[in-house]
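**Q** generate coordinates for the sequence data below:
(one chain, ligands or ions: 2)
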Amino acid sequence: MPKLAPSILSADFGRLGEEIAAVEAEADLLHLDVMDGHFVPAISFGADVVRALRRRTRLFLDVHLMVQHPDRHVAPFVEAGADGLTVHVEACPHLHRTLQQIRDAGARAGVALNPSTPFGHAEQVLGDCDLVLLMSVNPGFGGQSFIPFVEGKIAAARRRLQALGATCELEVDGGVKLENCRAVAAAGASILVIGSAVFHNPDPAATLREIRRRLRGEP
Ligand code: DX5
Ligand code: ZN
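**A** Residues are numbered from 1 along each chain as shown. Ligands and ions are numbered 1, 2, ... in the order given. The predicted structure follows:
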């Protein structure tokens with residue numbers, strides 16, 4: 001059964017504490033999307049928001065850095081309480097060093113790949129990271145549709161991880177909803193990020209329960 005990581009990007013930012021309390025019992029991780037207005041068009045929030053959320057939840061804080069120069073932000077986010085930091089291959093000319101920096105700071109290190117970036121771009125560093133995140137939309141916004149070709153990419157990545165004996169998590173982020181969660185899990189995802197499908201629903205916890213029910217194969 002994959003782990004579920006609600007993304008607060010689609011939550012009501014005026015009531016973040018309540019929104020998180022609503023999913024605390026049903027979520028395995030909390031996915032926090034940090035955007036800088038350069039790597040992606042929008043700006044979301046920074047380390048001070050992570051610090052405030054750290055005081056509100058015991059959930060693993062899974063911070064997805066959609067920023068240029070992520071190495072400049074490792075220390076502030078870990079100090080603020082991030083448990084894991086995921087950086088984009090496309091933003092890291094010295095990926096191996098950045099991953100080491102994250103681990104040295106005491107956090108789990110993740111590597112994110114945009115939909116059109118081949119899985120091979122992460123292969124050399126599988127031993128230096130705890131998680132590979134496959135984007136299933138182009139990063140920058142919540143509420144987009146799952147890009148169909150990514151399903152095959154997830155399956156190929158899962159086969160490759162198995163062949164290499166790699167134990168890192170395989171997280172899938174973008175456009176995951178009630179309708180496609182089973183297919184994404186069957187392809188090999190071990191963590192599902194779910195934003196709008198959870199927080200645009202009046203009962204976020206019930207949505208997470210429904211997703212688990214579908215993942216168990218119940219009709
Ligand atoms: C997109 C973000 C995602 C986003 C997912 O750039 O990385 O985490 O919040 O939202 P949904 O599930 O609505 O696609
Ligand atoms: Zn994300």
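**Q** okay, now Val63: neighbour count?
**A** 25 (other Cβ atoms under 10 Å). Any C-beta I mention is one placed from the backbone N, CA and C, and that applies to glycine too.
**Q** for the protein, which residue gets nearest to ligand 2?
**A** His64 (3.7 Å; Cβ to the ion).
**Q** that residue reaches His31, doesn't it?
**A** Yes: the pair His64 / His31 is scored as a contact, 6.3 Å apart, by Cβ atoms under 8 Å.
**Q** what residues does the protein put near ligand 1?
**A** Counting by Cβ under 6 Å from any ligand atom, the residues of the chain close to ligand 1 are 7, 9-10, 31, 33, 64, 137, 139-144, 173-176, 193-197.
**Q** would you write a ChimeraX line that selects the buried entries of those residues?
**A** To isolate the buried ones among the residues of the chain next to ligand 1 in ChimeraX, judged by 16 or more other Cβ atoms under 10 Å, type:
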select :7,9,10,31,33,64,137,139,140,141,142,173,174,175,176,193,194,195,196,197
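**Q** show me where this structure has helices.
**A** 16-23, 47-54, 74-80, 95-104, 120-123, 149-164, 181-187, 196-199, 204-215 (DSSP state H).
**Q** run through who's touching the first one.
**A** In this case it means helix 16-23. Contacts with helix 16-23, where a contact means Cβ atoms under 8 Å, 6 or more residues apart in numbering, come from 6, 8, 11-12, 30, 49, 52-53, 56-57, 59, 198-199, 204-205, 208.
**Q** and the residue of the chain found nearest ligand 1, its phi and psi?
**A** When distances are taken as Cβ to the nearest ligand atom, the chain reaches nearest to ligand 1 at Gly195, 2.6 Å away. When read as degrees, to the nearest 10, the backbone of Gly195 gives phi -100, psi -80.
**Q** show me what the residue nearest to Ala112 when sequence neighbours are not counted bridges to in the sheet.
**A** With sequence-adjacent residues excluded and distances taken as Cβ to Cβ, 6 or more residues apart in numbering, Ala112 is closest to Leu133, at 4.0 Å. Counting by DSSP bridges, Leu133 is bridged to Ala112, Glu171.
**Q** ok, now which ones touch Leu133?
**A** 64, 86, 110-113, 171-173, 193.
**Q** if we use 6 Å, what do you get?
**A** Applying Cβ atoms under 6 Å, 6 or more residues apart in numbering, we find Leu133 in contact with 86, 110, 112, 171, 173.
**Q** can you pull the pLDDT of it?
**A** Leu133 is assigned a pLDDT of 99 by the prediction.
**Q** do the same with Gln101
**A** Per the predicted model, pLDDT is 98 at Gln101.
**Q** what residues does this protein put near ligand 2?
**A** 33, 64, 173 (Cβ under 5 Å from the ion).
**Q** inside strands: which ones of those?
**A** 33, 64, 173 (DSSP state E).
**Q** could you dump those to CSV with pLDDT?
**A** Listed next are these as CSV, based on pLDDT from 0 to 100:
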residue, pLDDT
Asp33, 98
His64, 99
Asp173, 99
